[in-house]
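*Asks:* return atomic coordinates for the entry below.
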Amino acid sequence: MQTLILPVRLAYCTYAAFVFILLMFLVLPFLLVAILMGVHKGGNFLNYVCRVWAYVWLFLIGIRTKRIYLSPFDPSRQYIYVANHISYLDIPMIFRAIRKPVRVLGKAEMSDVPVFGWIYRYAT
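*Replies:* Below you'll find the model as predicted:
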């Protein structure tokens, strides 16, 4: 059974990586527009673009989400969310689960990665 599942996993991972890279290249022009808009307006615009990117990518790879609140949620208040970084899905899941503007705090080393670094730098 394991030998039958391995090709399906490989095909799915290849598909998910291809869609991820394709969507990153589609986000790149919006990143350039966000840079021209300035830090505050550009960060808000990029937040919206990242939210759309997360919705589209998770939909295309077949991951559905459901919001479960363990305590009452007041949309008028500000919150701090902490991801444990067990998975590479943390960032898209944060944008998918939280409907308010999100500012992602990343490690300084992430600014060296070509596309992600630019997004991190201008989305704060």
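
*Asks:* which residue ranges of the chain form helices?
*Replies:* Taking DSSP state H as the test, the helices found in the chain are 2-37, 39-60, 90-97, 114-122.

*Asks:* can you put these in TSV and add distance to residue 80 and mean pLDDT?
*Replies:* Using the backbone N, CA and C atoms, a C-beta is placed for each residue, glycine as well. Output for the helices of the chain, formatted as TSV (distance: least, CB to CB, whole Å; pLDDT from 0 to 100):
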stretch	distance to residue 80	mean pLDDT
helix 2-37	24	89
helix 39-60	16	88
helix 90-97	12	83
helix 114-122	18	67
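
*Asks:* name the nearest residue to residue 60, sequence neighbours excluded.
*Replies:* residue 19 (5.1 Å; CB to CB, 6 or more residues apart in numbering).

*Asks:* that neighbour: neighbour count?
*Replies:* 14 (other CB atoms under 10 Å).

*Asks:* got it, and residue 98?
*Replies:* There are 13 residues near residue 98, going by other CB under 10 Å.

*Asks:* tell me the contacts of the residue nearest the centre of the chain?
*Replies:* The residue lying closest to the centre of the chain (CA atoms, centre = their mean) is residue 92, at 3.1 Å. Shown in contact with residue 92 (CB atoms under 8 Å, 6 or more residues apart in numbering): 53, 54, 57, 58.

*Asks:* pretty sure the second one contacts residue 98?
*Replies:* No - applying CB atoms under 8 Å, one finds residue 54 not in contact with residue 98, separated by 10.2 Å.

*Asks:* any idea how far residue 9 is from the residue nearest to residue 60?
*Replies:* Residue 19 sits at a distance of 16 Å from residue 9 (criterion: CB to CB, to the nearest Å).

*Asks:* cool, residue 59 as well?
*Replies:* Taking CB to CB, one finds residue 59 at 20 Å from residue 9.

*Asks:* can you check residue 83 too?
*Replies:* From residue 83 to residue 9 the distance is 25 Å (CB to CB).

*Asks:* among the two, which residue is more densely surrounded?
*Replies:* residue 83 (13 against 10).
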